[in-house]
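S.K.: Below is the sequence, then the predicted model.
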Amino acid sequence: MKKKQTMKKYFVILMAMVLFISIAGCLATSAAGSHDTDNVIITLERTACFGFCPVYKITVHGDGTVMYEGKDFVETQGKTETTIDQAKIKQLISEFEEIDYFSFNGEYTERTITDASSAITSISINGNTKTVEHYHGDFNAPEELTELEDRIDEIVNSKQWIQYTPG
């Protein structure tokens, strides 16, 4: 009789562990890859420098809408709009996740060198929003942040608007 009770206890413990692992696996999968992209907003804003740095802002919405506003030293000044497909939206989200963007400081603005431009990135996803201001003269900023800024430009093909040859 004791042997049956012991086996039942082990069986219950084993089943509880299997259930726990299954639930944990499902939660991890949904957190990592299946975001509701409809509510995602990603921005990249590049600011002026002492020179001919392009000044513009890009806003990417989860439905694929990309809004561009060119200000200075860009080929396209003013506002324009285009779309990108859902695969690119998910790729952008992955870029933020891979570098653990939410763990970054809110700003990297030390003036190690002067006259550089800044990039301000942000993401709003699943009710969480994070913005990071990055002065390109701050050598303490993570390299991954600069790479993310460049990847946003690449994925949305911002060069179509910003290619500029001064005067």
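M.R.: The structure has been received and is ready for your questions.
S.K.: Bridge partners for Ser118, pull those for me.
M.R.: Tyr135 (DSSP bridges).
S.K.: Now do the contacts for the residue nearest to the spatial centre of the chain.
M.R.: What sits nearest the mean C-alpha location of the chain, by C-alpha atoms, centre = their mean, is Phe96, with 3.2 Å. By C-beta atoms under 8 Å, 6 or more residues apart in numbering, Phe96 lies in contact with Ile42, Ile123, Ile125, Leu148. To be clear about C-beta, it is placed using only N, CA and C from the backbone, and glycine gets the same treatment.
S.K.: and the host helix or strand of it, how far out from the chain's middle?
M.R.: Phe96 belongs to helix 86-98 when assigned by DSSP states H and E. Distance of helix 86-98 from its chain centroid, counting by C-alpha atoms, centre = their mean, to the nearest Å, is 7 Å.
S.K.: One more: stretch 103-114?
M.R.: With C-alpha atoms, centre = their mean, you get 18 Å for stretch 103-114.
S.K.: Next: stretch 152-166.
M.R.: 18 Å.
S.K.: Report the mean confidence score over that stretch.
M.R.: Mean per-residue pLDDT for stretch 152-166: 91.
S.K.: Could you dump the contacts of Phe96 into a markdown table with secondary structure and neighbour count added?
M.R.: What follows is these, written out as a markdown table (DSSP: H, G, I helix; E, B strand; the rest coil; neighbours: other C-beta atoms under 10 Å):
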| residue | secondary structure | neighbour count |
| --- | --- | --- |
| Ile42 | strand | 23 |
| Ile123 | strand | 23 |
| Ile125 | strand | 20 |
| Leu148 | helix | 24 |
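S.K.: Many thanks, we can stop here.
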